[in-house]
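Mind looking at a prediction? Sequence and model below.
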Amino acid sequence: MYIRRGTDNRIVAISKVATEGFDEQVAEDNTELYAFLQDAKSSRQQTLETSDLHMVRVLEDVINLLIERNVIRFTDLPSAAQGKLLSRRALREAVNLLDDEDDNIPL
């Protein structure tokens, strides 16, 4: 991506191609570019994305409940879904461990 900076050196516009005023190239995973794109989203878009993230957690909880109550078996799920659920479970456990460790840091 090519960017244009304002007088405060912050990104003010982006372009997929190098054109006049868009001569600085940044990687698509650049944190400053990501922040600019996030700021450009409407509040409705941001609210929808936040809602999507919350719904993902709800769906995980529903799937776990169905498995616990033997309505479905974990192995009934497609292998891709199994992998994603296992990956998220491992990430959540790692985050919980880190959060627990933070409680033990002396101030």
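Cool, the structure landed.

alpha carbons only for contacts and neighbour counts from here, please
Fine.

can you pull out the strands in this protein?
Counting by DSSP state E, the chain has strands at residues 2-5, 11-15, 24-25.

Give the other helices and strands that the longest one contacts.
Of the remaining helices and strands, those touching strand 11-15 by 3 or more C-alpha pairs under 8 Å, 6 or more residues apart in numbering; DSSP states H and E are strand 2-5, helix 31-40.

So for residue 48, which of those sits nearest?
helix 31-40 (12.9 Å; C-alpha to C-alpha).

Run through who's touching the closest one.
With contact meaning C-alpha atoms under 8 Å, 6 or more residues apart in numbering, helix 31-40 is reached by 11, 12, 26, 28.

Select from those residues the one having the most neighbours.
Ranked by the number of neighbours (other C-alpha atoms under 10 Å), the contacts of helix 31-40 place residue 11 first, at 17 neighbours.

Tell me which residues touch the closest residue to that residue other than its chain neighbours, please.
Nearest residue to residue 11 in three dimensions, chain neighbours excluded: residue 5, at 4.4 Å (C-alpha to C-alpha, 6 or more residues apart in numbering). Contact analysis of residue 5 by C-alpha under 8 Å, 6+ apart lists 11, 12, 13.

For stretch 67-76, the averaged confidence score.
The average pLDDT within stretch 67-76 is 96.

How much space separates residue 49 from residue 13?
23 Å (C-alpha to C-alpha, to the nearest Å).

the more surrounded of the two?
Per other C-alpha under 10 Å, whichever of residue 49 and residue 13 has more neighbours is residue 13, with 15 against 12.

coming back round to it: adding pLDDT and distance to residue 80, write the contacts of residue 5 out as a markdown table.
A markdown table is the format used below for the contacts of residue 5 (pLDDT from 0 to 100; distance: C-alpha to C-alpha, whole Å):
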| residue | pLDDT | distance to residue 80 |
| --- | --- | --- |
| 11 | 93 | 38 |
| 12 | 93 | 40 |
| 13 | 94 | 38 |
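
Please pick out the residue of this protein most distant from its centre.
The centre of the chain is farthest from one residue, residue 20, which by C-alpha atoms, centre = their mean lies 32.9 Å away.

can I see the domain layout of this protein?
The chain breaks down into these domains under automatic domain parsing: 2-40, 43-102.
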